[in-house]
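Undergrad: quick one, structure for this:
(chains A and B)
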Amino acid sequence: MDDKMKTEKWKLSPDRSRDGSMTQEQSGPSWKESKMDRIRHEAWRLPLDESKKENSLAAIRQAAEAKQLSRYPSFATNLWNQFRFQSWKSRAAQGAVLLSAMLLSVWLNQKQIADTDSITVCSVFLVFAGNICLSGVARLFSRHMVELEQTLYLNLKQMVCIRMLEAGILDLVILYILTGLTGRFNSAGTGAYLLYMLVPFLWSDVLYLHMLTAFRNGLAGYRQISAGILCGLLALFPVMLEDAYEAAALPWWRAFGLAGALLLGAEIYGILGKIEGGDSLCLN
Amino acid sequence: MPELVIDRVTKRFKHKIAVDTVSLRLRNGVYGFLGANGAGKTTLLRMLCGVLKPTSGEIRCNGTEIRMLDGEYRFLLGYLPQDFGYYPDFTAKRYLEYLAACKAVPKDLAKEKVQEMLRLVGLEGEQKQKIKTFSGGMIRRLGIAQALLNDPEILILDEPTSGLDPKERIRFRNIISALSKGRIVILSTHIVSDVEFISDQILLMKQGCIVEQGTCREVTGNVRGKVWEYMAGPEEADRMNDTFAVSNLKNEGDRVYLRIVSDTCPCEGAAPAEPGLEDVYLYYFGTDEICRNADRSIFLRDMHQ
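TA: From the prediction side, this is the model:
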């Protein structure tokens, strides 16, 4: 079998590659490359010098041993590590939020609360839930911790992204529970209901994230809690407007939704930029 | 083994230049940055760690800009910030395990490393205590432990011994000396004895610039002939203390022993003395302090009048 293969290998024209295409020599250039091809093809016939082979292998082994190998963790490992080292308070709060979302939906359905009241309750709940989910990000910005975190292999910027991703996933689950269990019975329709939920949520996230790097000092923690409460109160704002949940107001909701989404994107970009520059993190 | 090159690095905060066109080449060894508060040491170290972005110039590790190396550079790094942050509700062990995970220390090795570091800094017995119950010295020791956790090739320590008692300080110095082989250790301090004993190279920073660099012998050699000893009466001692940079002042009976740092002989009868690193420090940084003392004296005199 080997001999046959060798013969076939030998039969291959040096001017032609294995797939039969033309080599470079035929299409014009390099005599050197053609010669190298020929040497390669004939190499199997040359006797091996075992001692030279052993020496070469020993040199390769030595170089491999001297080479410093670094094992970097995968994205999944980093994600898991960030989840693993969350405080139990944070995990308990997130669990409580999930459970409350389910209980709230069931209760609203059972009691057959009026549409607008149901929307208001759910949107305020989503705002608070969003803030609780984002508390993991806020924790990274604890006083003096940012400077150290920025010098770790998994640095602050990456940690913030991971925590935001985790918070985003949890927010989506809560939104799914609220919209799925309550919104489908709502006369406003699922799309409009989703919009009524998302607008206060997006704007509150903008405010909450802005407070992470603005006015940072020893009271930052209290400021963050204040921002959370303020966000909830702002979510109640549509209640004060009589026709806020009417179909005619939907273009306004869309416009505010779009503006909120754009601002949130800008806020996240700004935070990552501030981390990259470092000035505002170190000066506090 | 890494080589760090600081190439004409400047850092400007609005109108203040914190670091002014600093160029250095750092290879294996212990580098001690000495300087008064506000000299730019911390800013320079923050740039070396990649926390701050230089306004101009660049920092290279083995020929590549550290921001390009990104995670690969941070993998080599151990850093103790001046204001060491921690999560108060974490125990010492959990805190180190968390940082080991963030520093990409393999999980199987991390537990072993955490115990080794806790032993090294003498916190093995307190590993299950929450950090919020720790004293300032214990928190500082925890900071040193976290900096060493990933066996860093570049170790950067900002005011590592502040808050440590003399015994802990000596212990820390010995740890750094033992660790200094085959890595770059950079420490910044204004405690002269910290760098005097362990630094291979001493760098004096003033107003964002490196004003002097060399071994302890070289640096002290530069002020030879500028240190004087003198026995004075109490009134004369007060006057000289306001006029000259006095590195030591000691009452001996009715006379006062003065150690003065001055380019010229401060008074008749003053004898030249062998300079120490504290004298060097005072030679470069003492004049501002004298100005402040003089201002204060004038202010107090005006108040009395």
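
Undergrad: isn't there a strand covering B:Ile6?
TA: Yes - assessed by DSSP: H, G, I helix; E, B strand; the rest coil, B:Ile6 belongs to a strand.

Undergrad: check the gap between it and B:Met231 for me.
TA: Distance of B:Ile6 to B:Met231, computed by CB to CB, to the nearest Å: 45 Å. C-betas here are computed from N, CA, C, even on glycine.

Undergrad: more neighbours: those two, which one.
TA: B:Ile6 (20 against 15; other CB atoms under 10 Å in any protein chain shown).

Undergrad: the closest residue to chain A within chain B: which element?
TA: In chain B, the residue that lies nearest chain A is B:Gly85 (3.3 Å; CB to the nearest CB). Per DSSP states H and E: B:Gly85 is located in neither a helix nor a strand.

Undergrad: which residues does it contact?
TA: The contact partners of B:Gly85, by CB atoms under 8 Å, 6 or more residues apart in numbering or on different chains, come to A:Ser142, A:Arg143, A:His144, A:Met145, A:Val146, A:Glu147, A:Leu148, A:Glu149.

Undergrad: 6 Å - rerun?
TA: A:His144, A:Met145, A:Leu148 (CB atoms under 6 Å, 6 or more residues apart in numbering or on different chains).

Undergrad: and what of A:Met145?
TA: Per CB under 6 Å, 6+ apart, neighbours of A:Met145: B:Gly85.

Undergrad: the one 3 residues further on now?
TA: The neighbourhood of A:Leu148, defined by CB under 6 Å, 6+ apart, consists of B:Pro81, B:Gly85.

Undergrad: so the nearest residue to A:Gly277 once chain neighbours are set aside: helix, strand or coil?
TA: Excluding its sequence neighbours, the residue lying closest to A:Gly277 (CB to CB, 6 or more residues apart in numbering or on different chains) is B:Lys53, at 5.4 Å. Here B:Lys53 is coil, with the state taken from three-state DSSP.

Undergrad: pretty sure B:Lys53 contacts A:Ile275?
TA: No - checked against CB atoms under 6 Å, the pair B:Lys53 and A:Ile275 is beyond contact range at 10.6 Å.

Undergrad: those two: who's more crowded?
TA: With neighbours defined as other CB under 10 Å, B:Lys53 and A:Ile275 compare such that A:Ile275 has more, 23 against 13.

Undergrad: so how far is B:Thr10 from that one?
TA: Computed as CB to CB, the A:Ile275 to B:Thr10 distance reads 21 Å.

Undergrad: now swap in B:Lys93 and tell me
TA: Taking CB to CB, one finds B:Lys93 at 42 Å from B:Thr10.

Undergrad: again, but for B:Ile139
TA: To B:Thr10, B:Ile139 is 33 Å away according to CB to CB.

Undergrad: next, count neighbours for residue 258.
TA: Looking at chain A here, since you left the chain open. 12.

Undergrad: meant chain B actually
TA: Residues near B:Leu258, counting by other CB under 10 Å: 23.

Undergrad: same deal with B:Asp20?
TA: Count around B:Asp20 with other CB under 10 Å applied: 16.

Undergrad: pLDDT score for it?
TA: We have a pLDDT of 91 for B:Asp20.
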